[in-house]
Structures are given as structure tokens and as C-alpha cells.
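[1] Let me see the structure of the following:
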Amino acid sequence: MDMVKYRPDRLLDVIDNSWDRFFGPFFDVAPFKTDRVPAIDVKENDGGYTLEAELPGMTDKDLELKLEGNLLTLSTKKSEEGEEKKENYLVKERRSCSFVRSFVVPEDVDAEKISAEFKNGLLTLSLPKAEKAKPKMLEIKVR
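    Prediction:
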């Protein structure tokens, strides 16, 4: 025969957890405030690195890019306020979203030549490698 410790509060834990799982999504996230993290792709080629970030609904004025040392930070904070007046009521809505993403820039990147392009909700950063970091072909003659 196995001994099981009697815990009368265990039933309440099960009920509380079920309650939280069911109603949690309704109360945890406010419908008009989100902290969005964009999808980001980073690619490397012989000439450098390319970073692409999907930022739908953003404009270039909403974005901030900062390079401090070897830390590249992409951030935004966007707020909108809407107001709708009808016969007997007034609806005011506030929407905001923000995010911060940071990346360590490799040492072989020429920081002076980093460029950015923002078009149709896609931010493309070009991080070219310094000349000394690019691979060189050496021809070795065998005798």
C-alpha cells in the first residue's frame, strides 16, 4: 500500500490553475497595448552581413537605430489615439506598441559604412565587412 500525503489545498490549486488558464488570455494582455518583437533574419556573405526586420505598419519616423561600440539597437515606440463620437456615447481608444532588439555587431564589420533602407515595412541593414576582413585568394605555385 502506498502512502499519499493528504493536502486539502491541492484541489484549490487545480481549480485556480484551470481558472487562470481559461480566463488568463482575456486579462493578461490589453487588446490595444502590445510589445511586438519583429521577425528578423540575419545573413552573411563574402562582403558582409544583411539584417532584415519585418515592421508592418511602421514608418521610418517610428524607428530608431543606434550603434554604441559593437552593440546595434533597433527600437520603436508608436502611439495612436482614436476618438469616435456618436449620438449618446464617446469612444476613446489608445493604441501603443514598442520593442527593443539589440545585436552584437561582429568585429569584422566596418561601422562607418553601415547603411539602412526602409521600404514597404521591411527594414534592411547592410553591415559591410572591413577590407582587411574580406577573404583574399592567394595563388600558390607548386614546383
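
[2] Helix or strand with the lowest mean pLDDT in the chain?
    The helix or strand of the chain with the poorest confidence is strand 33-34; it has a mean of 46 (mean pLDDT, DSSP states H and E).

[3] After it, which helix or strand is next?
    Sequence-wise, the next helix or strand downstream of strand 33-34 (DSSP states H and E) is strand 40-45.

[4] Just the C-alphas of that next one, formatted as PDB.
    Output of strand 40-45 as PDB, limited to C-alpha atoms (Å, rounded to 0.1, in the frame of the first residue of the first chain):
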ATOM      1  CA  ILE A  40      14.400  39.300 -38.000                       C
ATOM      2  CA  ASP A  41      16.700  37.500 -40.500                       C
ATOM      3  CA  VAL A  42      20.500  37.800 -40.500                       C
ATOM      4  CA  LYS A  43      22.500  36.600 -43.400                       C
ATOM      5  CA  GLU A  44      26.300  36.600 -44.000                       C
ATOM      6  CA  ASN A  45      28.000  36.700 -47.400                       C
END
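
[5] In its sheet, which strands sit next to it, and in what direction?
    Strand 40-45 pairs in its sheet with strand 48-54 (antiparallel), by DSSP bridges.

[6] and the strand it pairs with, how far from the chain's centre?
    How far strand 48-54 lies from its chain's middle: 13 Å, per CA atoms, centre = their mean, to the nearest Å.

[7] List the contacts of it.
    Residues outside strand 48-54 that contact it (CB atoms under 8 Å, 6 or more residues apart in numbering): 38-43, 74, 101, 103, 106, 109-110, 121-129. In short, each C-beta sits where N, CA and C put it, glycine included.

[8] Inside strands: which ones of those?
    Counted as lying in strands by DSSP state E, out of the contacts of strand 48-54, are 40-43, 74, 101, 103, 122-128.

[9] out of these, which are buried?
    Buried members of the ones in strands among the contacts of strand 48-54, scored by 16 or more other CB atoms under 10 Å, are 74, 103, 123, 125, 127-128.

[10] Next, format the residues you listed as CSV and append distance to C97.
    Rendered in CSV, the data for those read as follows (distance: CB to CB, whole Å):
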residue, distance to C97
L74, 14
F103, 20
L123, 15
L125, 21
L127, 26
P128, 31
